[in-house]
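> One predicted model, sequence on top.
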Number of protein chains: 2
Amino acid sequence: MKSLITHCRNFKSEFDGFADRPQGIVPQELKEDKWQETEAVVAFITVEDRDRIKEVSQLMVEELYLIANEFGRKKVVLIPFAHLSSNIANYKDALSFLDYLEEGLKQKELDITRVHFGSHKSLLLDIPGHTGNIRFREF
Amino acid sequence: MKSLITHCRNFKSEFDGFADRPQGIVPQELKEDKWQETEAVVAFITVEDRDRIKEVSQLMVEELYLIANEFGRKKVVLIPFAHLSSNIANYKDALSFLDYLEEGLKQKELDITRVHFGSHKSLLLDIPGHTGNIRFREF
């Protein structure tokens, strides 16, 4: 799993269309088509082939919890993101990972916005310039 | 080298402070402290240890040229980005790579905005939702 973790003053995303790649992908049911948050930790998450889903999602829960505390934020946005690796997991494993991650973060009493899996979307990111505003994690 | 390549309706970045990591980094001289572009291809570029600078920069020139043509854009923004790998190049190699890349793209008659190397910066990205709006390349 690879992740870019940012602190956003403002985050917006809007559904544009379902993805048809990688081959065989089954997108999540679309319950909302817009996502928006302010002053949140925004994590782009690429689950990779052969990731140990339970263990790695727990490492990410702890990491995101630490970063949210460091920024003094209670809000975390999780964005499925296929673009940090050339070796991504199948969609079932990716969704399982995101489910575990969401559940673990909710147990830490963080507010979670989960962006749709299996679509292309617009993105608006407004990231302040402080040190550590963008971090890369690989577990 | 790893790169995230996006098509931005609007891109802004502002200098916040010089980076002091990785150890030994010598930032570029700061000639401007704000960068802005509209309707541009925006490439985040992580040069990695042991990249063959000349060969790989040429591959990226060709790739960015193709993508700019596909989007019908003449403007390319190059952002040095340390956050796509855990194994980044030393700053001299990273700067050489960016120099080659800029030069090669100018020879293709593209307009280049080059964002400062060796600083933390704010980022505003406004990315439309179409297919292929974000791409990952690894050479």
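Arrived safely, thanks for sending. Numbers count the residues shown, from 1 in each chain, chains lettered A, B, ... in the order given.
> Now for chain A: which strand has the highest residue count?
Longest strand of chain A, by residue count under DSSP state E: strand A:2-18.
> That one versus strand B:2-18: what angle between them?
Angle of strand A:2-18 versus strand B:2-18, following axes from the mean of the first three to the mean of the last three Cα atoms, to 10 degrees, is 120 degrees.
> The next helix or strand after strand A:2-18 - contacts with which helices or strands?
Using DSSP states H and E, the helix or strand that directly follows strand A:2-18 along the chain is strand A:34-46. Counting by 3 or more Cβ pairs under 8 Å, 6 or more residues apart in numbering or on different chains; DSSP states H and E, the packing neighbours recorded for strand A:34-46 are strand A:2-18, helix A:53-71, strand A:75-80, helix A:91-107, strand A:111-114. Every C-beta, even on glycine, is put in place using the N, C-alpha and C of the backbone.
> returning to that earlier point: which parts of the longest strand of chain A are buried?
For strand A:2-18, the neighbour count (16 or more other Cβ atoms under 10 Å in any protein chain shown) marks A:2-8, A:11-16 as buried.
> ditto for stretch A:66-80
A:67, A:68, A:71, A:73, A:75, A:76, A:77, A:78, A:79, A:80.
> one step back: okay if I get the buried residues of strand A:2-18 as TSV plus pLDDT?
Output for those, formatted as TSV (pLDDT from 0 to 100):
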residue	pLDDT
A:2	96
A:3	97
A:4	97
A:5	97
A:6	96
A:7	93
A:8	96
A:11	98
A:12	98
A:13	98
A:14	98
A:15	97
A:16	95
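> Keep only those of those residues that are also close to chain B.
A:4, A:14, A:15, A:16 (Cβ under 8 Å from any Cβ of the partner chain).
> Please name the nearest non-neighbouring residue to the first one.
Same thing as residue A:4. For residue A:4, ignoring the flanking residues on the chain, the nearest one in space by Cβ to Cβ, 6 or more residues apart in numbering or on different chains is residue A:44 at 4.4 Å.
> need the contact list for the one you found.
By Cβ atoms under 8 Å, 6 or more residues apart in numbering or on different chains, the contact set of residue A:44 is A:3, A:4, A:5, A:6, A:79, A:81, A:83, A:84.
> The last one reaches residue A:4, doesn't it?
Yes - counting by Cβ atoms under 8 Å, residue A:84 sits close enough to residue A:4 to count as a contact (6.7 Å).
> anything in contact with each of those two?
Residues touching both residue A:84 and residue A:4 (Cβ under 8 Å, 6+ apart): A:44, B:84.
> beta partners for residue A:15?
Bridge pairing for residue A:15 (DSSP bridges) gives the partners residue A:121.
> correct me, but it touches residue A:117?
No - in this structure residue A:15 lies outside contact range of residue A:117 using Cβ under 8 Å: 11.3 Å.
> Which one of the helices and strands packed on strand A:34-46 lies nearest to residue B:62?
Closest approach to residue B:62 among the helices and strands packed on strand A:34-46 is made by strand A:2-18 (25.4 Å; Cβ to Cβ).
> Quick check: which helices or strands does the closest one pack against?
When contacts are defined as 3+ Cβ pairs under 8 Å, 6+ apart, strand A:2-18 packs onto strand A:34-46, helix A:53-71, strand A:75-80, strand A:119-127, strand A:134-138.
> Could you export the ones you listed to a markdown table, including columns for mean pLDDT?
Shown next, in a markdown table, are these (pLDDT from 0 to 100):
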| stretch | mean pLDDT |
| --- | --- |
| strand A:34-46 | 98 |
| helix A:53-71 | 97 |
| strand A:75-80 | 98 |
| strand A:119-127 | 97 |
| strand A:134-138 | 95 |
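> Tell me which of these sits most buried.
Highest mean neighbour count among the helices and strands packed on strand A:2-18 (mean count of other Cβ atoms under 10 Å in any protein chain shown): strand A:75-80, with a mean of 22.
> For that strand, give me every contacting residue.
Residues outside strand A:75-80 that contact it (Cβ under 8 Å, 6+ apart): A:8, A:11, A:13, A:35, A:37-45, A:64, A:68, A:94, A:98, A:101-102, A:105, A:110-118.
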